[in-house]
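J.: I need the structure of the sequence given here:
(2 chains)
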There are 2 protein chains.
Amino acid sequence: MISTMLNGGRILLGPGPSIIPERVLKAMAKPVLGHLDPDFIAMMDEMKALLRYTFQTENNVTFAISGPGSAAMEMSLVNMIEPGEKAIVCSNGYFGERMRGMIVRNGSIPVDVKAEEGQPIDPVKLDKALSEHPDISVVTMVYAETSTGVQSNLKELSDVVHAHNAICVVDMVPALGGSVIKTDEWKIDVAYAGSQKCLSCTPGVSPITFSDRALEKILSRKKPVSSWFYDLKMIVDYWGSGQKRAYHHTAPINSLYALHEALTIIKEEGIENRWERHKKVQNYAQDKFEALGLRNIVEQEYRMPQLHAVEIPQGVDDFECRKRLIKEFNIELGAGLGDRLGKVWRIGFMGEAAQTTYVDYCVDALKKVL
Amino acid sequence: MISTMLNGGRILLGPGPSIIPERVLKAMAKPVLGHLDPDFIAMMDEMKALLRYTFQTENNVTFAISGPGSAAMEMSLVNMIEPGEKAIVCSNGYFGERMRGMIVRNGSIPVDVKAEEGQPIDPVKLDKALSEHPDISVVTMVYAETSTGVQSNLKELSDVVHAHNAICVVDMVPALGGSVIKTDEWKIDVAYAGSQKCLSCTPGVSPITFSDRALEKILSRKKPVSSWFYDLKMIVDYWGSGQKRAYHHTAPINSLYALHEALTIIKEEGIENRWERHKKVQNYAQDKFEALGLRNIVEQEYRMPQLHAVEIPQGVDDFECRKRLIKEFNIELGAGLGDRLGKVWRIGFMGEAAQTTYVDYCVDALKKVL
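T.: Numbers count the residues shown, from 1 in each chain, chains lettered A, B, ... in the order given. Model prediction:
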């Protein structure tokens, strides 16, 4: 049954890309419109509303950038942090380190708040760092760290950031559409996400949102952003409101059709229902994995709902196993990133795949190859 | 007949995006594979070969970047020119100026070789500038300037660049798959293109190629590129050869399926045949436009084959006309860019649309609205 649903495609149960529903694929294959066509602009306006709903924000500047999640990450950072400026970088894994690297490349100065891999960011440590650096106005962090499967307590961290009157830049790449996200209620200033995780959409377009506070900081920059492609001010002129749009670049039109459809599906389901579904499937899956002897490397309360990072049992050949899963069961799991390659699998039930049928299919296949 | 071919989509006869053939749309809607899936990697390898054919190059580093043509432009520039370094910028229009702006943002120093808008770049001026600045090692230029419809003599310009032992970075955004391009024969060191022009593919992925000479310069950089997303060295590790690929970012998988199919169509047609077809349709269209009293703003010998920049006749309301063309004939033409808005139309027959049937349909519609 599962393979019929997928129309012959791979059963993607890793850290993303995730399975794309037929409706989204069909939307993507619609004939192309011009990037300044009135019909296309109407679609962009609808999409902004859908993105606001999904992020749970009223932010006016909410759109999708024409690049992968990592480009959204870099765009957020280089707009918010000037060269020579210090910023606190909370890091507990691969993607936190990627943020740090981008900040260094930009000529900005990272001040580290580190947690062990597999542990969440510690609000107490963050508070201490902010107290020690009263000159710092930007804090960056990863909500759900896909490299280890850890989800930090974003509300708590954001409260600390705002107690120091700083700005909070949050990576939500795998989180949006799966983890609970309340951008406005939690006072997140800048957030970005991937399309190919819990939105179950095609990769290459990335939702992003900026609060008015974040925009104020951008407007008070001493120098323009050193990248033309990333300069938010110009992009906003294209995604702005009304019929009058300034040409910036040719938007990835078909991918945006797909995103529009993926977000429509989320609106139909209801975002709270979607969060609940991911949580339920997480509970269902982790019981099954435990029964199989697959130990999750993260403590229960810090696990992200859409991804299970489990230890590969002693004596099991990672590469051979994943090869068999693809060949015999058409399943792709995620390998461990960096040092964890060969030691950990990352098994994701994201968006469309957050269904118990996928868990069952996956567990049955694992039983056979382990 | 035309509307059947398009499956109800807009008839795109502007400067791009262009009409996407059904085959390409279908390829894009295939179920997604992981970005490190062996089947996907095999497709990437095929695509590199197809891109080499289309660029007419043997360059090993030939791939598609995960962003629009303007991102490919900026990526080329920031890899090839370091902050503080001078570069000669040949500019005869909007996109030459965009390159210049990016160079300034990067902290590099542009030395201008300008031509009037509507005129090609002058090799004599370029030669003079290179003689006056023997310290400059990079020259940038736009082959076909979509803002005015001018195509410069790229072979001649490249000869001048190489006589001074400099490196040639060329914008081929609208040119690839339509204008004659002989990357290796003409010794072009870096070239990039758009997918949504003469390749008739979805926008959002951009072909790019680097010669070994260009790579040598990148390898001898004093500092890494200030953008993580643009750093060629890391991207090459993902697009490299063999089965071993380093994760960089999640590629826009469906858009790459589409590009693969669009390039396959080009291979089937034969690149020389495709150039010839664009040339023939250009001749056919310009006679018809002249008969209609639409004056091309570019001298005959400098016109690019895929785009006609024509003066809007006195007394004709640009906006009303384009609105009627969309409403009554489902045709999108290109407006004038910048100062030329309201004065010029840009009418393109690119890729799939480089057929006399599209010219006839367009001319008939223009007859009715003028």
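
J.: all contacts plus neighbour counts: C-alpha atoms, from now on.
T.: OK.

J.: Pull up the per-residue confidence for residue A:337.
T.: Looking at residue A:337, its pLDDT stands at 89.

J.: cool, and residue A:4?
T.: On the pLDDT scale, residue A:4 is placed at 41.

J.: Give the helix, strand or coil label for the residue of chain A most remote from its centre.
T.: Within chain A, the residue lying farthest from the chain centre (C-alpha atoms, centre = their mean) is residue A:315, at 33.0 Å. Following DSSP: H, G, I helix; E, B strand; the rest coil, residue A:315 is assigned to coil.

J.: got the residues of the stretch 101-250 of chain A near chain B?
T.: A:101-102, A:105-107, A:202-204, A:224-229, A:249-250 (C-alpha under 8 Å from any C-alpha of the partner chain).

J.: lowest average confidence, helix or strand, in chain A?
T.: One helix or strand of chain A scores below all others by mean pLDDT, DSSP states H and E: helix A:2-5, with a mean of 48.

J.: how big is the angle separating the one helix or strand residue A:255 maps to from helix B:253-269?
T.: Using DSSP states H and E, residue A:255 falls within helix A:253-269. Inter-element angle recorded for helix A:253-269 and helix B:253-269: 150 degrees (by axes from the mean of the first three to the mean of the last three C-alpha atoms, to 10 degrees).

J.: Leaving out chain neighbours, which residue sits closest to residue A:362?
T.: Sequence neighbours aside, residue A:331 is the residue nearest to residue A:362 in space, at 7.5 Å (criterion: C-alpha to C-alpha, 6 or more residues apart in numbering or on different chains).

J.: can you give me the strands for the stretch 101-250 of chain A?
T.: Taking DSSP state E, counting those that start in this stretch, the strands of the stretch 101-250 of chain A run over residues A:109-114, A:138-142, A:144-145, A:150-151, A:167-171, A:190-192, A:206-210.

J.: tell me the most buried of these?
T.: Most buried of the strands of the stretch 101-250 of chain A by mean neighbour count (mean count of other C-alpha atoms under 10 Å in any protein chain shown) is strand A:144-145; its value is a mean of 30.

J.: Identify all contacting residues around it.
T.: The contact list for strand A:144-145, computed with C-alpha atoms under 8 Å, 6 or more residues apart in numbering or on different chains, reads A:92-96, A:150-152, A:171-175, A:304.

J.: quick revisit: the residue farthest from the centre of chain A and residue A:342: what is the separation?
T.: Residue A:315 sits at a distance of 11 Å from residue A:342 (criterion: C-alpha to C-alpha, to the nearest Å).

J.: still on that earlier bit, wait, the residue nearest to residue A:362 sits on residue A:19?
T.: No: with contact defined as C-alpha atoms under 8 Å, residue A:331 does not count as touching residue A:19 (10.9 Å).

J.: Just put the strands of the stretch 101-250 of chain A in JSON lines and tack on distance to residue B:359 and mean pLDDT.
T.: Listed next are the strands of the stretch 101-250 of chain A as JSON lines, based on distance: least, C-alpha to C-alpha, whole Å; pLDDT from 0 to 100:
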{"stretch": "strand A:109-114", "distance to residue B:359": "57", "mean pLDDT": "98"}
{"stretch": "strand A:138-142", "distance to residue B:359": "53", "mean pLDDT": "98"}
{"stretch": "strand A:144-145", "distance to residue B:359": "53", "mean pLDDT": "98"}
{"stretch": "strand A:150-151", "distance to residue B:359": "57", "mean pLDDT": "98"}
{"stretch": "strand A:167-171", "distance to residue B:359": "48", "mean pLDDT": "98"}
{"stretch": "strand A:190-192", "distance to residue B:359": "44", "mean pLDDT": "98"}
{"stretch": "strand A:206-210", "distance to residue B:359": "37", "mean pLDDT": "98"}
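
J.: Just flag the most distant two among the residues of the stretch 101-250 of chain A next to chain B.
T.: Across these, the longest distance by C-alpha to C-alpha is 32.6 Å; it joins A:107 and A:202.

J.: With neighbour numbers in mind, choose between the two.
T.: residue A:202 (33 against 16; other C-alpha atoms under 10 Å in any protein chain shown).

J.: on that earlier part again, would you tell me which of the strands of the stretch 101-250 of chain A gets closest to residue A:82?
T.: If you check each of the strands of the stretch 101-250 of chain A against residue A:82 by C-alpha to C-alpha, strand A:109-114 wins as the nearest, at 9.4 Å.

J.: angle of that closest one against strand A:138-142?
T.: Strand A:109-114 runs at 50 degrees relative to strand A:138-142, counting by the same axes, to 10 degrees.

J.: How far away from the center of its chain is strand A:109-114?
T.: Mean-position distance between strand A:109-114 and its chain equals 21 Å (C-alpha atoms, centre = their mean, to the nearest Å).

J.: what's next to it, contact-wise?
T.: The contact list for strand A:109-114, computed with C-alpha under 8 Å, 6+ apart, reads A:83-92, A:100, A:103-104, A:121, A:125-126, A:129.

J.: List buried residues within those.
T.: A:83, A:85-92, A:100, A:103-104, A:121, A:126, A:129 (16 or more other C-alpha atoms under 10 Å in any protein chain shown).

J.: In helices, which of those fall?
T.: A:100, A:103-104, A:126, A:129 (DSSP state H).

J.: can you put those in TSV and add distance to residue B:358 and pLDDT?
T.: Formatted as TSV, those follow (distance: C-alpha to C-alpha, whole Å; pLDDT from 0 to 100):
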residue	distance to residue B:358	pLDDT
A:100	52	98
A:103	50	98
A:104	51	98
A:126	62	98
A:129	64	98
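
J.: What is the nearest of these to residue A:39?
T.: When these are ranked by distance to residue A:39 (C-alpha to C-alpha), residue A:103 comes first, at 38.4 Å.

J.: send the alpha carbons of stretch A:331-349 over as CSV?
T.: Presented in CSV, the C-alpha positions along stretch A:331-349 are these (Å, rounded to 0.1, in the frame of the first residue of the first chain):
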residue,chain,number,x,y,z
ILE,A,331,13.6,2.9,2.5
GLU,A,332,16.1,5.6,3.0
LEU,A,333,17.2,6.2,6.6
GLY,A,334,19.6,9.0,7.6
ALA,A,335,23.2,8.2,8.4
GLY,A,336,25.1,9.8,11.3
LEU,A,337,26.6,13.2,10.6
GLY,A,338,30.4,13.7,11.1
ASP,A,339,31.8,11.6,13.9
ARG,A,340,28.5,9.8,14.3
LEU,A,341,28.7,8.1,10.9
GLY,A,342,28.5,4.4,11.5
LYS,A,343,27.4,4.8,15.1
VAL,A,344,23.9,6.4,14.8
TRP,A,345,20.9,6.3,12.4
ARG,A,346,18.6,9.2,12.1
ILE,A,347,15.1,8.0,11.5
GLY,A,348,12.6,10.7,10.7
PHE,A,349,8.8,10.6,10.4
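
J.: Give me the distance from that stretch to the chain's centre.
T.: Centre-to-centre, stretch A:331-349 and its host chain are 17 Å apart (C-alpha atoms, centre = their mean).

J.: Would you mind pulling the contact partners of it?
T.: The contact list for stretch A:331-349 (C-alpha under 8 Å, 6+ apart) reads A:10-16, A:94, A:147-149, A:278, A:281-282, A:306-312, A:317-319, A:322, A:325-326, A:355, A:358-359, A:362, B:34.

J.: again, only this time at 6 Å
T.: When contacts are defined by C-alpha atoms under 6 Å, 6 or more residues apart in numbering or on different chains, stretch A:331-349 is touched by residues A:11-15, A:306-312, A:318, A:325-326.

J.: Ok, stretch A:226-240 next?
T.: By C-alpha under 6 Å, 6+ apart, the residues outside stretch A:226-240 that reach it are A:75, A:225, A:245-247, B:102, B:105-106.

J.: Figure out the length between the terminal residues of that stretch.
T.: Chord length of stretch A:226-240, first to last residue, is 22 Å (C-alpha to C-alpha).

J.: Just to check, residue A:24 is in contact with residue A:258?
T.: Yes: using C-alpha atoms under 6 Å, residue A:24 is in contact with residue A:258, at 5.1 Å.

J.: I am finished for the moment; much appreciated.
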